[in-house]
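Colleague: Got a predicted model here, sequence first, then my questions.
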Amino acid sequence: MTSYSVEREVRNQNFDLDGLNQKFEAAHPSEILAWCVANFPTGLVQTSAFNADDLIITDILYRQINPVQPVPVIFLDTLHHFPQTLELVAKSKEIYSLDLKIYKIPDLDSREAFTARYGEALWDADIQKFHRLTKIEPLQRGLKELNTQAWITGRRRDQATTRADMPILELDANQRLKVNPLVNWTRKQSWAYVVEHGVVYNPLHDQGYPSIGDEPITTPVAEGEDERAGRWRGTGKTECGIHV
């Protein structure tokens, strides 16, 4: 466990977010996560798409900090993930003994069933509806069912220009604390951690996919492009709606 000395704070509705963001700006992600675990012994959740950054957070939580009460990890099964992503989810669950919580559209278990209900290529016909059905509603349902007070994301400022000013701590639309412990890391720093600590990762990262979403709408990224340029290519879209 990290040697960081954690100060207990009052609950999030009374947090001095500006002060805490200044305090943590130069902090290692493990310090930020240790603070979260100490201040939210219950009601703390990680959301994960099982990209490399998400797995760094899981590695810190489950191997370094290792709280008595494991932090639940929410994975949104959109029914449209790459097979490699689903294999990684299963492998990570085994490696870390994850308290894994999978949320998806109720009563659907395959792409074929999704197509039968919503038509061919809904992501082309109505991308907002596609993400509302597969990500936004399942996430909000999961956060509610888990009585979430604070949730952890794997976002970094250098992933895209739209994330350049992202704070470490913020409140979401429902006044839950939202924690972004990797915001001040670069992609290089993230991969240095992965290599040093032997963190398992998606093999698609070695095939030109720095950010991996749904298979039908994720493409490889060329040298010099934003890390998330392969998501929703050609649509002008930069977020699925979870973080908006």
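Modeller: It's in.

Colleague: Please make it C-alpha for all contacts and neighbour counts, starting now.
Modeller: Fine.

Colleague: So, low pLDDT: which residues of this structure?
Modeller: Residues of the chain that meet the criterion pLDDT under 70 lie in 1-13, 160-161, 232-234, 236-244.

Colleague: Which residue ranges of it form strands?
Modeller: 44-47, 73-76, 100-103, 150-152, 169-171, 177-179 (DSSP state E).

Colleague: If you count neighbours, what's buried in the longest helix anywhere in the chain?
Modeller: For the chain, the helix with the greatest residue count under DSSP state H is helix 83-96. Applying a neighbour-count criterion of 16 or more other C-alpha atoms under 10 Å, one finds 85-86, 88-89, 92 buried in helix 83-96.

Colleague: what's the answer for stretch 217-237, then?
Modeller: Quick answer for stretch 217-237 (16+ other C-alpha under 10 Å): 217-221, 227-232.

Colleague: In PDB, could you pull the C-alpha coordinates for that stretch?
Modeller: Output of stretch 217-237 as PDB, limited to C-alpha atoms (Å, rounded to 0.1, in the frame of the first residue of the first chain):
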ATOM      1  CA  ILE A 217     -16.900   2.600 -34.800                       C
ATOM      2  CA  THR A 218     -13.300   2.400 -33.700                       C
ATOM      3  CA  THR A 219     -10.400   2.700 -36.200                       C
ATOM      4  CA  PRO A 220      -6.600   2.700 -36.000                       C
ATOM      5  CA  VAL A 221      -4.900   6.000 -35.300                       C
ATOM      6  CA  ALA A 222      -2.200   7.500 -37.500                       C
ATOM      7  CA  GLU A 223       1.100   9.000 -36.300                       C
ATOM      8  CA  GLY A 224       0.500  12.500 -35.100                       C
ATOM      9  CA  GLU A 225      -3.300  12.200 -34.500                       C
ATOM     10  CA  ASP A 226      -5.000  12.600 -31.200                       C
ATOM     11  CA  GLU A 227      -5.100   9.400 -29.200                       C
ATOM     12  CA  ARG A 228      -8.900   9.300 -29.500                       C
ATOM     13  CA  ALA A 229      -9.000  10.200 -33.200                       C
ATOM     14  CA  GLY A 230     -10.000   6.700 -34.100                       C
ATOM     15  CA  ARG A 231     -13.300   6.900 -32.100                       C
ATOM     16  CA  TRP A 232     -16.300   8.000 -34.200                       C
ATOM     17  CA  ARG A 233     -14.000   9.000 -37.100                       C
ATOM     18  CA  GLY A 234     -15.500  11.500 -39.500                       C
ATOM     19  CA  THR A 235     -18.400  12.400 -37.300                       C
ATOM     20  CA  GLY A 236     -16.900  15.300 -35.400                       C
ATOM     21  CA  LYS A 237     -17.900  13.500 -32.200                       C
END
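
Colleague: re the thing from before, turn the buried residues of stretch 217-237 into TSV, columns for distance to Gly154.
Modeller: Shown next, in TSV, are the buried residues of stretch 217-237 (distance: C-alpha to C-alpha, whole Å):
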residue	distance to Gly154
Ile217	20
Thr218	18
Thr219	20
Pro220	20
Val221	19
Glu227	13
Arg228	13
Ala229	17
Gly230	18
Arg231	16
Trp232	19
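
Colleague: And the furthest pair within these?
Modeller: Largest separation among those by C-alpha to C-alpha: Ile217 and Glu227, giving 14.8 Å.

Colleague: hmm, back to that, next one: the longest helix of the chain to chain centre, how far?
Modeller: Relative to its chain's centre, helix 83-96 lies at 15 Å (C-alpha atoms, centre = their mean, to the nearest Å).

Colleague: on that earlier part again, show me which of the buried residues of helix 83-96 is closest to Ile212.
Modeller: Thr85 (8.3 Å).

Colleague: and the gap between that closest one and Arg156?
Modeller: When C-alpha to C-alpha, to the nearest Å is the yardstick, Thr85 and Arg156 sit 20 Å from each other.
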